[in-house]
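A.B. asks: what's the 3D shape of this:
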Amino acid sequence: MKKLKARWGIDNNWQLFVIFLVFAITGSSAAKLASPVCEFFGITQDTSHWSIYWAARIFLIFPIYQVLLVTFGWIFGQFEFFWAFEKKMLSRFGFSKVFK
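C.D. replies: Presented below is the predicted three-dimensional model:
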């Protein structure tokens, strides 16, 4: 844990706990919200081929996750950490010009 705290620039165990909690809540929420969004667009398991349904869900989870991560980070008082985390992650996906 010391290496992770040093790598992320975290001071104490409480902050590390809050960050892990935000990651857990965000992942669960993004997966849960992808289903109603798919249904809104008319993509359901009953009406679509299973590969289209799951591809759409996975495609939708990514942007939902990005928004929720910063939002939950802000709610839990860790906005700076998660904003830096988002910029780093999105720059690795080729969105680096957006943040410069």
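
A.B. asks: all helices for this protein, in order.
C.D. replies: Secondary structure of the chain by DSSP state H: the helices cover 2-8, 13-40, 50-75, 79-92.

A.B. asks: Can you list the buried residues in the longest one?
C.D. replies: By neighbour count, and taking 16 or more other CB atoms under 10 Å as the criterion, the buried residues in helix 13-40 are 15, 18-19, 22-23, 26, 29-30, 33-35, 38. Bear in mind the C-beta positions are built from the backbone N, C-alpha and C, glycine included.

A.B. asks: burial measure for the residue lying closest to Ile19 once chain neighbours are set aside, as a count.
C.D. replies: Spatially, and ignoring its direct neighbours in sequence, Ile19 is nearest to Gln78 (6.0 Å; CB to CB, 6 or more residues apart in numbering). Gln78 has 19 neighbours, counted by other CB atoms under 10 Å.

A.B. asks: For Gln78, which residues are in contact?
C.D. replies: Going by CB atoms under 8 Å, 6 or more residues apart in numbering, Gln78 touches 15, 18-19, 22.

A.B. asks: separation between the residue lying closest to Lys5 once chain neighbours are set aside and Lys3?
C.D. replies: Leaving out its chain neighbours, the residue that sits closest to Lys5 by CB to CB, 6+ apart is Leu16, at 6.1 Å. Using CB to CB, to the nearest Å, one gets 12 Å for the distance from Leu16 to Lys3.

A.B. asks: Please report the distance of the residue lying closest to Asp11 once chain neighbours are set aside from Ile19.
C.D. replies: Of all residues not flanking Asp11 in the chain, Lys5 sits nearest, at 7.7 Å (CB to CB, 6+ apart). Distance, Lys5 to Ile19, using CB to CB: 10 Å.

A.B. asks: Sketch out the low-pLDDT regions of the protein for me.
C.D. replies: Judged by pLDDT under 70, the chain has its weakly predicted residues at 48, 95-100.
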